[in-house]
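Colleague: Compute the structure for the input listed below.
(4 chains)
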2 protein chains.
Amino acid sequence: MAEHDDHRRPGRWRSGAESKQRVLQVARELFDRNGYNGTTVRAIATAAAVDPAMVFYFFGTKQGLFSAVIDMSDNVPPAIESIFAGGVDTMGERIVRTLVQNLDNSDRPPLVMLTRSATTDPRSEALLREFIDREITDRLAALLDTPDAALRAGMVNVQILGLAVARYIVRIEPIASASVHELATTFGPLVQHCLTGRTAAP
Amino acid sequence: MAEHDDHRRPGRWRSGAESKQRVLQVARELFDRNGYNGTTVRAIATAAAVDPAMVFYFFGTKQGLFSAVIDMSDNVPPAIESIFAGGVDTMGERIVRTLVQNLDNSDRPPLVMLTRSATTDPRSEALLREFIDREITDRLAALLDTPDAALRAGMVNVQILGLAVARYIVRIEPIASASVHELATTFGPLVQHCLTGRTAAP
DNA sequence: GTCTATAATTAGATAGAC
DNA sequence: GTCTATCTAATTATAGAC
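Modeller: Just a heads-up that it's a prediction; the model follows:
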């Protein structure tokens, strides 16, 4: 027949790359809803209309799939950079606004997923801890050159984690339903105080 | 022999009630460390030096055991009461100190346990949300009679959850290794500011 | 009350045909 | 790349002896 070679359309997936994307998308949703241990490869495969064996073919192991799902390589950096872009004096509100805006708008934020999974999966816990240490604690500590910089960074981390858990995981009111503006005006100064305010002397 | 009837000592368990208590205690610890899905009945039984079948004999199902473990009807109230015992002006530090002290003595970690399980078990999530609403938000809002009382209570909840997650779940430094005193002096004023400080007007 | 034995189910992972 | 079939291991849970 004449169409024996028309399947080589450039720019279009010729093979299972499409299935792979479907698996990734479904996995993200299920991991987010049920955590790492609460999600089975089989459930992912079924929901993605793919054979379970394909998942292992694509990602090797369940952990490999999770890593691929959680990989926020080109998602978070811009947000982080925009936080560090301005001066320290207005950073408090910028942190809160950027954080909440990003988590509100993407419907399965890696940070929330990681936090969810960190409670049941040790690997996720380590992953989250390393991410926070590298992207927030270390950079903040470098920026503030006070002796208590590490403690101040820790206080900021508590604000970030508390906000994420309260708004997106446990969904406590009125934090869960507050607008970005409300959160920015209430928590902004609080975070700013963690960064540059006066702290108790030892 | 003469001791054929001395096993009927009043005031002492004559039977498996002791094992049952041991199972409960161990289960509390493991559920706390690994969450609901991450904890197996076998692991609990082994750690409690009891046969796995006994666990089912005592509690029927795994969920039954979990419910028995997280039933903190007469567990938390003393701590909560001691927080509300003093005046509002020193409540910030009292919240932090009581919280951290109680969670550090990991004998009774209901908040951390619930927070862990809340991510994978819907029942736990609802339980945690209701507990926080009832024991903290509502009582705080009643105590402060300002128009923004609910928001202030929410801010306090963020501090509590952030502190719990950072110190006990993700174990971020320097929060995880800080002493009770350090946390009380750094977060106490912060929480106090949430309670009685000046907030941004809408 | 306690244990052995085991049923019933489910998980992650692999081999190999097509 | 995709699927069938299967292995291995671990899980919750039950039946029944002692």
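
Colleague: need the residues of chain A near DNA strand D, please.
Modeller: Within chain A, the residues that sit near DNA strand D (C-beta under 7 Å from any atom of the strand) are A:15-20, A:50-54, A:57. C-betas here are computed from N, CA, C, even on glycine.

Colleague: Please indicate which of the residues you listed are buried?
Modeller: Among those, the ones that count as buried by 16 or more other C-beta atoms under 10 Å in any protein chain shown are A:19-20, A:50, A:54.

Colleague: Minimum pLDDT in those, which residue is that?
Modeller: Lowest in pLDDT among these is A:Ser19, which has 88.

Colleague: coming back round to it: give me the subset of the buried ones among the residues of chain A next to DNA strand D lying in strands.
Modeller: Among these, no residue falls in strands (DSSP state E).

Colleague: Run the contact check for stretch A:57-69 versus chain B.
Modeller: No - using C-beta under 8 Å from any C-beta of the partner chain, stretch A:57-69 never reaches chain B; the gap is at least 13.8 Å.

Colleague: Mind checking the pLDDT average for that stretch?
Modeller: On average, stretch A:57-69 scores 94.

Colleague: Tell me which residues of that stretch come out buried.
Modeller: Quick answer for stretch A:57-69 (16+ other C-beta under 10 Å): A:58-59, A:62, A:65-66, A:68-69.

Colleague: State the pair within those residues that is farthest apart.
Modeller: A:Phe58 and A:Phe66 (12.7 Å; C-beta to C-beta).

Colleague: SS state for A:Pro174?
Modeller: coil (DSSP: H, G, I helix; E, B strand; the rest coil).

Colleague: That one touches B:Arg152, doesn't it?
Modeller: No - if you go by C-beta atoms under 8 Å, A:Pro174 and B:Arg152 don't touch, sitting 10.0 Å apart.

Colleague: Pick out the residue in chain A sitting closest to chain B.
Modeller: A:Gly162 (2.3 Å; C-beta to the nearest C-beta).

Colleague: Just the element for the residue lying closest to that residue once chain neighbours are set aside, please.
Modeller: Residue nearest to A:Gly162 in three dimensions, not counting chain neighbours: B:Gly162, with 2.3 Å by C-beta to C-beta, 6 or more residues apart in numbering or on different chains. According to DSSP states H and E, B:Gly162 maps onto helix B:149-164.

Colleague: give me the low-pLDDT residue ranges for chain A?
Modeller: Low-confidence segments of chain A (pLDDT under 70): A:1-15, A:72-75, A:199-202.

Colleague: how about the helices in it?
Modeller: Using DSSP state H, the helices found in chain A span residues A:17-34, A:41-47, A:52-59, A:62-70, A:76-85, A:91-105, A:110-118, A:122-132, A:138-143, A:149-164, A:180-196.

Colleague: which parts of the first one are buried?
Modeller: By neighbour count, with 16+ other C-beta under 10 Å as the criterion, the buried positions of helix A:17-34 are A:19-20, A:22-24, A:26-32, A:34.

Colleague: the domain parsing of chain A - what is it?
Modeller: What the record gives for chain A is the domain set A:17-69, A:76-196, from automatic domain parsing.

Colleague: between these, which gets nearest to DNA strand C?
Modeller: domain A:17-69 (3.5 Å; C-beta to the nearest atom of the strand).

Colleague: quick one: terminal-to-terminal distance for that closest one?
Modeller: Start and end residues of domain A:17-69 are separated by 15 Å (C-alpha to C-alpha, to the nearest Å).

Colleague: Would it count as contacting DNA strand C?
Modeller: Yes - Domain A:17-69 is in contact with DNA strand C by C-beta under 7 Å from any atom of the strand, via A:39-43, A:52-53, A:56, A:60-63.

Colleague: Equivalent analysis for stretch A:117-136, please.
Modeller: No - using C-beta under 7 Å from any atom of the strand, stretch A:117-136 never reaches DNA strand C; the gap is at least 11.1 Å.

Colleague: Grab the CA positions of that stretch and hand them over as PDB.
Modeller: The C-alpha coordinates for stretch A:117-136 follow below in PDB (Å, rounded to 0.1, in the frame of the first residue of the first chain):
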ATOM      1  CA  SER A 117       4.400  11.800  51.000                       C
ATOM      2  CA  ALA A 118       7.100  12.900  53.400                       C
ATOM      3  CA  THR A 119       4.900  11.700  56.200                       C
ATOM      4  CA  THR A 120       4.800   8.100  55.100                       C
ATOM      5  CA  ASP A 121       7.800   7.600  52.900                       C
ATOM      6  CA  PRO A 122      11.300   8.100  54.300                       C
ATOM      7  CA  ARG A 123      12.800   8.800  50.800                       C
ATOM      8  CA  SER A 124      10.300  11.600  50.300                       C
ATOM      9  CA  GLU A 125      11.100  13.000  53.700                       C
ATOM     10  CA  ALA A 126      14.800  13.100  52.800                       C
ATOM     11  CA  LEU A 127      14.000  14.600  49.400                       C
ATOM     12  CA  LEU A 128      11.900  17.400  51.000                       C
ATOM     13  CA  ARG A 129      14.500  18.100  53.700                       C
ATOM     14  CA  GLU A 130      17.300  18.300  51.200                       C
ATOM     15  CA  PHE A 131      15.300  20.600  48.900                       C
ATOM     16  CA  ILE A 132      14.400  23.000  51.700                       C
ATOM     17  CA  ASP A 133      18.000  23.000  53.000                       C
ATOM     18  CA  ARG A 134      19.500  23.700  49.600                       C
ATOM     19  CA  GLU A 135      17.000  26.100  48.100                       C
ATOM     20  CA  ILE A 136      15.800  28.000  51.200                       C
END
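
Colleague: Many thanks, I have nothing further to ask.
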